[in-house]
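Enquirer: sequence isn't available, so here's the structure alone:
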C-alpha cells in the first residue's frame, strides 16, 4: 500500500473517530431538534449532533499520547522509509538479518489480501511487513498491556500469508526463514513487557497456543487455527519476539 493511500486511510479513520479532531456527539432530543429548526439549521436524521470540546492546543497535547494517532505516523514514516531503515530498526532488534525488499501493510489490508468480508473485524495489526524471507509484525503500546490473544492474531496473519504464498507459488515454496513480532513500548516497561504474560525469551513456549482463549478470538481466526494446526504450530515455533522503546 502506497503512502498516499495510507493518508486517505487516516481521513477515513477520522471520519468514523471524530474524537480525534476534538468533536463529541450529543444526543438529539425532540426539543433540541425543534430549537435548531427554528434557527434554520439542518437537523441530521441519525439522532446526534456534534460539537467541538477542545481548543487546538489542548487537542494536540491529547493526541500526542494516543496510540491510534502514533500508529498513523508510524505507518506513513515506515512506508516511505528505505529497506535499510526497516531492516535496521525493525528486523535487527528481533535478531533478523534481512535487507529486503519489504512491502508494508496497515489496518484493513486483510479484506483485500485474504478476502475477508468488508464488515468483518478480524484483526487490525498496527503494522505488517513482508519480504521474500520475512514476515514482521509491529505492535505499538503506549499505555496498555499485551495479552496472549493479541499475539495470536499476529500468528494468524502469518499463517494466512504463508498459506497464500504456498497457494500462489508455481512450485513448492519453502516456509519463510524469518518471522518476528516487535513491540514498541515505553522504556519503563520494556524489560518486563512480555514476562508479564509468561514469555521469558525471544521464542513462544510450546504450550503458548493452549493459553489462548477461543472466546477472545474472532470466528474466522478460530476456524483458521482449527483447520491448520500444523502450520499454526510451525509459525509459533519460528516467530521471534522483542520489545523496544
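Expert: Received it, and whenever you're ready, just let me know what you need. Source: prediction; values computed, not measured.

Enquirer: so what touches stretch 60-67?
Expert: With contact meaning Cβ atoms under 8 Å, 6 or more residues apart in numbering, stretch 60-67 is reached by 20, 54, 69, 140-144. The C-beta positions use only the backbone N, C-alpha and C, and glycine is treated the same way.

Enquirer: got the contact list for the helix or strand where residue 209 lies?
Expert: Residue 209 is located in helix 208-211, with elements delineated by DSSP states H and E. Residues outside helix 208-211 that contact it (Cβ under 8 Å, 6+ apart): 148, 151-152, 198-199, 225, 232-233, 236.

Enquirer: try it again at 6 Å.
Expert: Helix 208-211 is contacted from outside by 148, 236, using Cβ atoms under 6 Å, 6 or more residues apart in numbering.

Enquirer: mind listing what's buried in that helix?
Expert: Neighbour-count burial for helix 208-211 flags 208-209 (criterion: 16 or more other Cβ atoms under 10 Å).

Enquirer: list the buried residues in stretch 49-68.
Expert: Neighbour-count burial for stretch 49-68, counted by 16+ other Cβ under 10 Å, picks out 49, 54, 59, 63, 68.

Enquirer: could you redo the residues you listed as CSV and give each row secondary structure, distance to residue 218 and pLDDT?
Expert: What follows is those, written out as CSV (DSSP: H, G, I helix; E, B strand; the rest coil; distance: Cβ to Cβ, whole Å; pLDDT from 0 to 100):
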residue, secondary structure, distance to residue 218, pLDDT
49, strand, 33, 76
54, coil, 34, 73
59, helix, 33, 75
63, helix, 29, 76
68, helix, 20, 79
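
Enquirer: could you identify the helix or strand that succeeds the lengthiest helix in the chain?
Expert: Using DSSP state H, we find that the single longest helix of the chain is helix 148-168. Downstream of helix 148-168, the first helix or strand assigned by DSSP H and E is strand 178-184.

Enquirer: and the chain, what are its domains?
Expert: Per automatic domain parsing, the domain ranges recorded for the chain read 3-62, 66-244.

Enquirer: state the mean pLDDT of the strand or helix carrying residue 243.
Expert: Element membership for residue 243 (DSSP H and E) is strand 239-244. In this model, strand 239-244 carries a mean pLDDT of 93.

Enquirer: for it, packing partners?
Expert: strand 178-184 (3 or more Cβ pairs under 6 Å, 6 or more residues apart in numbering; DSSP states H and E).

Enquirer: tell me how many other residues surround the nearest residue to residue 204 once chain neighbours are set aside.
Expert: Once flanking residues are discounted, residue 204 sits nearest to residue 236: 5.2 Å by Cβ to Cβ, 6 or more residues apart in numbering. When neighbours are defined as other Cβ atoms under 10 Å, residue 236 has 20 of them.

Enquirer: which helix or which strand is home to residue 236?
Expert: helix 229-238.

Enquirer: output the contacting helices and strands for that helix.
Expert: Helix 229-238 sits against helix 148-168, with contacts defined as 3+ Cβ pairs under 6 Å, 6+ apart.
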